[in-house]
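Undergrad: Below are the sequence and a predicted model; questions follow.
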2 protein chains.
Amino acid sequence: MTKKKLLLKANGRIWIDVQDGAFLGYGRIDLLEKIKELGSIRQAALEMKMSYQQAWQLIDEMNNKSKEPLVISSRGGKGGGKAIITDVGEKAILQFKEFNKAFQIFLTSYTKNLNS
Amino acid sequence: MTKKKLLLKANGRIWIDVQDGAFLGYGRIDLLEKIKELGSIRQAALEMKMSYQQAWQLIDEMNNKSKEPLVISSRGGKGGGKAIITDVGEKAILQFKEFNKAFQIFLTSYTKNLNS
DNA sequence: CTTCGTTATTCATAATTAAGAATAACGAAG
DNA sequence: CTTCGTTATTCTTAATTATGAATAACGAAG
């Protein structure tokens, strides 16, 4: 039998950097997905219980750090304005999700290691 | 040739949880090592440019979440007091460092993946 | 029984972050 | 040319964290 001990769990979080700092993490990915779903920064922020300013700032940073923007927004017009995810943005979402999937597998595997 | 694109870097941080929350991360490991080296919570905190209260609180939480303490401290006596790392603490340091080593390898490998 | 430097603890204040309020700009549609 | 709901932006205020000050307790050593 395995020795009786605390149950440990390997945990962590990941993100993707570019040269000048953090680029894509869980929060930004969630935000991108919500924007894709709702077509609006404000609505996305609302649903994430995040202030509009914070959401806007996250997107702005993201766009500035990338050569091509991940989100394109416009104001005025039908509905007052809108925001859409570019192809670059869509690819970033997929890329991050795969990265995270691999990480979760790593964590699960290491958790077994910690308790053996 | 590979398509010209942003240089991406997989990054992240890890820690070890117990049932009731975070247990061991980079900060606590650094602190444990400094205490081991210096035999004093205060000196360790000083060297880490961290307030004594924060250091003490980190250790206290750590000790409370573990069945057996990782640090034993005493006050009074020669030198005013002291703090030592238990065997459990030493093992925790090693365990975390191995975990981190594996994680760094994972990140390096995934960074290549991101840029290919 | 005084000195010493630390552990242990509490509380007020400083510093940092996040949120909120307020407002201009916008363009399609009626 | 007015209405609409959003984007974009700034500034003030709230909330959260971290730090510093202050002090009691401690026990070995002289």
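TA: Everything's here; your move. Numbering: from 1, shown residues only, chains lettered A, B, ... in the order given.

Undergrad: Every contact and neighbour count from this point should use C-alpha atoms.
TA: OK.

Undergrad: What is the longest helix of chain A by residue count?
TA: helix A:87-114 (DSSP state H).

Undergrad: Quick one: neighbours of the nearest residue to residue A:32 once chain neighbours are set aside, just the number.
TA: In space, and not counting its chain neighbours, residue A:32 is closest to residue A:85: 7.2 Å by Cα to Cα, 6 or more residues apart in numbering or on different chains. For residue A:85, the count of nearby residues is 19 (other Cα atoms under 10 Å in any protein chain shown).

Undergrad: Residue A:85 and residue A:28: what is the separation?
TA: 12 Å (Cα to Cα, to the nearest Å).

Undergrad: does chain B sit close to the helix or strand of chain A with the lowest mean pLDDT?
TA: Using mean pLDDT, DSSP states H and E, strand A:21-24 stands out as the lowest-scoring helix or strand of chain A, at a mean of 80. No. Counting by Cα under 8 Å from any Cα of the partner chain, chain B is not contacted by strand A:21-24; separation bottoms out at 8.7 Å.

Undergrad: can you tell if the longest strand belonging to chain A touches chain B?
TA: Looking across chain A with DSSP state E, the single longest strand is strand A:9-18. Yes. Strand A:9-18 lies within reach of chain B by Cα under 8 Å from any Cα, at A:9-18.

Undergrad: Just want the most central residue of chain A.
TA: residue A:29 (2.1 Å; Cα atoms, centre = their mean).

Undergrad: What residues does chain A have near chain B?
TA: So chain A meets chain B at A:6-19, A:66-67, A:95, A:99, A:110, A:114 (Cα under 8 Å from any Cα).

Undergrad: in stretch A:18-36, what's buried?
TA: Neighbour-count burial for stretch A:18-36 flags A:18, A:22-26, A:28-29, A:31-36 (criterion: 16 or more other Cα atoms under 10 Å in any protein chain shown).

Undergrad: again, but for stretch A:8-21
TA: A:8-12, A:14-18.

Undergrad: ditto for stretch A:62-75
TA: For stretch A:62-75, by 16+ other Cα under 10 Å, it's A:62-63, A:65, A:69-71.

Undergrad: Not counting it itself, show me its contacts.
TA: Residues outside stretch A:62-75 that contact it (Cα atoms under 8 Å, 6 or more residues apart in numbering or on different chains) are A:18, A:20, A:23-24, A:32, A:59, A:81-90, B:6.
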